[in-house]
Structures are given as C-alpha cells and as structure tokens.
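Visitor: What follows is a predicted protein model with its sequence.
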2 protein chains.
Amino acid sequence: MLKSVHLFGCLSGFVSNLLKPNSIVGFSLTFISSKRLSASSSLSCSSSKLSCPGTTSLFLAPRTGSFKAFCGSTCSEANQEGTSSSPLSMSELPPPSSSTVVHSAEKIRNIRFCQWCGGETKHGIPDGEEKLRAICTVCGKITYQNPKMVVGCLIHHDNKVLLCRRKIEPSYGLWTLPAGYMEIGESAADGAIRETLEEANAEVEVTSPFAQLDIPLIGQTYIIFMGKLKKPHFSPGPESLECRLFPLDDIPFDSLAFSSMLVTLRLYVEDVKAGRNTFHYGTINKRPGTGASDIHAYTLDYHLRL
Amino acid sequence: MLKSVHLFGCLSGFVSNLLKPNSIVGFSLTFISSKRLSASSSLSCSSSKLSCPGTTSLFLAPRTGSFKAFCGSTCSEANQEGTSSSPLSMSELPPPSSSTVVHSAEKIRNIRFCQWCGGETKHGIPDGEEKLRAICTVCGKITYQNPKMVVGCLIHHDNKVLLCRRKIEPSYGLWTLPAGYMEIGESAADGAIRETLEEANAEVEVTSPFAQLDIPLIGQTYIIFMGKLKKPHFSPGPESLECRLFPLDDIPFDSLAFSSMLVTLRLYVEDVKAGRNTFHYGTINKRPGTGASDIHAYTLDYHLRL
C-alpha cells in the first residue's frame, strides 16, 4: 500500500488527518537534475480535471534552472518517516527568491536526534562527503536519508488492466495501480506481488520489468512490473474501495491518483498500440508554475527505452 | 562512491576502522523471497579466489527455506546509517537454530530514539500494518527503514569497459564499476553520472538502462546504466587507486569488489557475445552455506530480461 503524500497527487483532506505538531512541515529539495529540463521530454500535459487545495508550490529559478519546492505537508515521507494520526499545525515557507539555490538541507536539519543513542545532532558536511548530513554529537554516527522505492504491478488480463480505487488518503477515491513501498528483506518483484495481494486480493506473478520512474523532487523511484493473474480472482483489499479491470480505451486518466500512474499507463497504452514490449526509464518532473494537485502537469525527462 | 559494507564483498580490515561501540553490531533479516530459491537460477558459481576474514555467516533453515544471517558488522548500512570513525567493539550473534524464522526485527529494535523529537521508541506493529516498526512514545511518529538504491555506470569505450580500483574499504584494492548511493533530489541517471565523475573523473552520458539487481539480504538495489564517455579522458578520483579500460576478455573477475559487479559484468559479456541489447532484472541471493567474503557464491534468482 502506498501511504505517502504524493506531491503530484491530491492532498485534499489529508494533511489535517495525518500529521502532528511535531511533523516536518516544510522543506526544500535540491533539483540537481535541472539540466535535464531542456532534454528530451514527452507526455507533458497541461490540463487537469482534478482540483485539490494542496499547499505545495513549485518555482523555477530562471538563472540557475533550479526548482524550489514549497510544501505545506511532509510530502512523500509523511507516512514513511514520522507518521502519526493527530492533527497538524501547519506552516508554510516564505515565498522564494527566483535566484535561490535550493537544498534538501531543511529536511536534514529536521533530524535533531540520533536514533541509536538519542544524542543531539549537529548538521554539517562530513569529511570526504559533499552533502549536508545530520551527525550525532555524542556517538558520531551519521543519519543518511535516501530515495525510497515504490514497487507495483501493471496486471493485464483479457486486454484490460487492473486498477484499485483508493480507500485511504492521499487521493482517496482515485484510481491507481497496486503499489507501495518496498520493504527491507524483500526484492522489488516480491514487493510488487505483495502489494497486489494486499490491495486487490489478487495472486499474481510478475512477467517482466516495465518501468523505472524517478521523482527527484520527492525522493521516490517507482519500479513497475508487468504481471498476470495466477487465478482470475480479485477483490478490494482493506485499503481499496473497489478493484476493476479496465479496457485500455476506458482507463480513467482523469481520475488517477498520482502522476507516476498516469505516466505508466500512458506508456503502456502507447506500447500496446505500437505492438512494442518495452522497458522505460525516465524522470518525472513537475512543470514549472503548476500546482501540486495537477497530476497532469509534468514532464517525463530523460526518457530511455529498451 | 559506495561506502557500504557489502555483505558479499570483502570485509577485511574494514570493521575495525569504521565502527564504534554503539554501532549496530548484529542483526538478522527476513528473507521473504526465499520461495524463489528453487526458481530459475543462473550464473551461480562456487569458487572464489578471494579470501577475507569477514565475520558474517549465512544459514538456511531447511524446514522453512528461510535464511538467517549472522553479521558481525552493520553490513550494508554501516556507512549509510550510523557511520563514525572509531574502533568497534564487536559481538557476534549466537549460532542459529535450523528452524528459526528470521526477521529484520533486530535492526528495527536498534532504533531506540525518535530522530525528530528525541523521545524513546517502542517497537510494535502499528494499526493497519504488518511489520514491526519503531514508534516514538512521545510524538507517535514511526521511523521507517527501506532498501537503498546504489546507482552506477557501465561505461563502454572501444569495446572495453571502465573499472575503478577501490582506494577505500570495504574491498580496498578490488575492482568495481563506478557506483554509489543515490541521493535525495537526484534521479538514478544523474546519480550514476555523478558517481562516475567522482570516482573516475569521467564525464559521461547514460545511454540506456542495463540492470536492476536487488539484494534483499542487505536491503540494497543496484541500478546500472549503460553509458559512454563524452570525452576520452578519465583518471582516478580521490577514492580510486586507478581507473582502467578492460577488454572483455581481460575483465578481472577474480578481483572484483562485489557480487553485484560480478553479476553485472557477466551479464554484459554474455549480451555482447550474443549480440543482444538487454535490460535485466534479478535478485542476488547468497548461496546457503557459503561465507560472506565469497562474492562468487550467489544465485541470480527471478532473472527477467527485456
């Protein structure tokens, strides 16, 4: 199950339910792949039928090409690092300067204690490294933060694809492929199989890798496998309102939960119509000047096919 | 740069340099993909020219098919979560029972404090979840741990591949592709380009995805891209003793640093000889009963090609 607040998804109603006063309530991220902005892009869209009062904004610094993200929630990691169930006292970051060079420093600075010894942390660049880290002032250990993998299945059956309608926030009521965070101790394929069982009560096997889609802004990488049902049975799991097989022409592109799912399904439909069997690598970047809730407002950069 | 202690690599000389008394000195991991052990395997080898006094052992529970890993170091995350530079007071876990079901619980239980508020953690399964987590007793936040991505480049030039000889532990003096941990804020491709610049002073572009190799036992996923030199220049970076282009027949398979590099290079050589252009997905599992230092003692399970 994917519980994270997806920056490109719908934040409506989520923040007030999910977070507490001590949550991480603002951060900015270095967008070091900004040089790719002018590179080969495809599949960008500007229209959206979704309208969500998300609090995250994204700005482009014209001189540097860097993005600055202002996020009123904990975005991708609200539920994967620091979840609780009490209301949030939110705060927004101040408006950006167009020439600001952006760092993920804010997120690192929110790590104030060592999780192993409880000592206070200091924030600096360790010897031999180049990035800001949280370093324990007592035991000296460094707390690293790295992107997380979300693993999922694109199940095709009788020329249809299996989608689940979310029973949980974020993006309650919207459609997604079965997917969720990969756990330590499992492979990506096993994680995708597990998530499909959890969300759609479907026993599946993965047949091939389909896509890796990075979303640098929120530190997530989507790993999507093609798969098939072992038995023609599925039903909504505890976090799904319903599960349904959609013919390709009826995929609810205007009611999808996340940009990553939109990209995956568009690529799949393109491949099927072209008779291709392709693996895709790409980076999903939010289009400058668009709101966080508009899952159609992205560019797929650095798109490589094999 | 890849600083982690790679479970399948050479641990010689590393532990005493890297860790402190408060380090995580023992853990076991659930091997939930153990059902794949009997699935399609390829590329397994039993011989090794490496001899390293690593302290990690791996056992197979015959009844359950589960692995139990006994590790005298922090394995994969020694340098990515909790690094320091003082000596380690090591301890080994007791010998395993053959019927033991193994969990990653030990690693979770080592998270004793909340990194956001400093409160003590309790360890339990949160509502709606299935896995043990560290939950703050003060603010209620959950500290999640997820697999990390290692990104790297397989640079081919004049029918040769670019390798770097490591100037750092683990696996000092052994050969590797340029690779390291993906950082938040970058894409996998940009991370692979960055690592190649850092380790080989080589400006490269990635041309296609080549492989995703999961190593569930240590919570790592390797993402390897094919790439080419923008200019025919390279030289050792601060963490490399030397960098060299190797003809395929001269790749130093007996002096590689990690199993992941061995698998990658074997697959590449196979593809070149077969005239294929392939993307590979697979899971690298340690062969039961073999030592941690033997990078040749693995199976490549769940191998999917596209």
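Guide: Perfect, I can see it now. Numbers count the residues shown, from 1 in each chain, chains lettered A, B, ... in the order given.
Visitor: Where does pLDDT dip in the stretch 151-300 of chain A?
Guide: Judged by pLDDT under 70, the stretch 151-300 of chain A has its weakly predicted residues at A:291-292.
Visitor: Go through the single longest strand found in chain A and flag the buried ones.
Guide: The strand that spans the most residues within chain A, counting by DSSP state E, is strand A:204-215. Of the residues in strand A:204-215, A:Val204, A:Val206, A:Thr207, A:Ser208, A:Pro209, A:Phe210, A:Ala211, A:Gln212, A:Leu213, A:Asp214, A:Ile215 count as buried by neighbour count, 16 or more other C-beta atoms under 10 Å in any protein chain shown. Backbone N, C-alpha and C define where each C-beta goes, glycine included.
Visitor: Could you pull up the contacting residues of the first one?
Guide: Remark: with contacts taken as C-beta atoms under 8 Å, 6 or more residues apart in numbering or on different chains, A:Val204 is in contact with A:Cys153, A:Ile155, A:Ile193, A:Thr196, A:Leu197, A:Gly227, A:Lys228, A:Leu229, A:Lys230.
Visitor: Could you tell me how far it is located from A:Gly152?
Guide: Separation of A:Val204 from A:Gly152 (C-beta to C-beta, to the nearest Å): 11 Å.
Visitor: residues shared between the contacts of those two?
Guide: Residues touching both A:Val204 and A:Gly152 by C-beta under 8 Å, 6+ apart: A:Thr196.
Visitor: What parts of the stretch 151-300 of chain A come near chain B?
Guide: Contact residues, the stretch 151-300 of chain A versus chain B (C-beta under 8 Å from any C-beta of the partner chain): A:181-190, A:206-209, A:212, A:214, A:216-217, A:219, A:221, A:223, A:225, A:238-239, A:277-279, A:281, A:283.
Visitor: Any of those buried? List them.
Guide: Buried by 16+ other C-beta under 10 Å: A:181-190, A:206-209, A:212, A:214, A:216-217, A:219, A:221, A:223, A:225, A:239, A:278-279, A:281, A:283, out of those.
Visitor: Filter those down to the ones in helices?
Guide: Under the assignment DSSP state H, those contribute A:Ala188, A:Ala189, A:Asp190 to helices.
Visitor: Closest to chain B out of those?
Guide: A:Asp190 (4.5 Å; C-beta to the nearest C-beta).
Visitor: thinking again about what came up before, in its sheet, what does the longest strand of chain A sit against?
Guide: strand A:220-229 (antiparallel), strand A:280-286 (parallel) (DSSP bridges).
Visitor: Please save the CA atoms from the shortest one in CSV.
Guide: Presented in CSV, the C-alpha positions along strand A:280-286 are these (Å, rounded to 0.1, in the frame of the first residue of the first chain):
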residue,chain,number,x,y,z
HIS,A,280,11.1,2.5,-19.8
TYR,A,281,13.4,4.6,-17.7
GLY,A,282,12.5,8.2,-17.0
THR,A,283,12.4,11.1,-14.6
ILE,A,284,9.1,12.8,-13.7
ASN,A,285,9.5,16.5,-13.1
LYS,A,286,6.7,18.8,-12.2
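Visitor: And the next helix or strand past it?
Guide: strand A:298-305 (DSSP states H and E).
Visitor: Now do that next one and strand A:280-286, the angle between them.
Guide: Interaxial angle of strand A:298-305 relative to strand A:280-286 (axes from the mean of the first three to the mean of the last three C-alpha atoms, to 10 degrees): 160 degrees.
Visitor: Going by neighbour count, list what's buried in strand A:298-305.
Guide: Under 16+ other C-beta under 10 Å, the buried positions of strand A:298-305 are A:Tyr298, A:Thr299, A:Leu300, A:Asp301, A:Tyr302, A:His303, A:Leu304.
Visitor: Dump those residues to CSV, plus distance to B:Lys141.
Guide: Below are the buried residues of strand A:298-305 laid out as CSV (distance: C-beta to C-beta, whole Å):
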residue, distance to B:Lys141
A:Tyr298, 30
A:Thr299, 34
A:Leu300, 33
A:Asp301, 33
A:Tyr302, 34
A:His303, 36
A:Leu304, 37
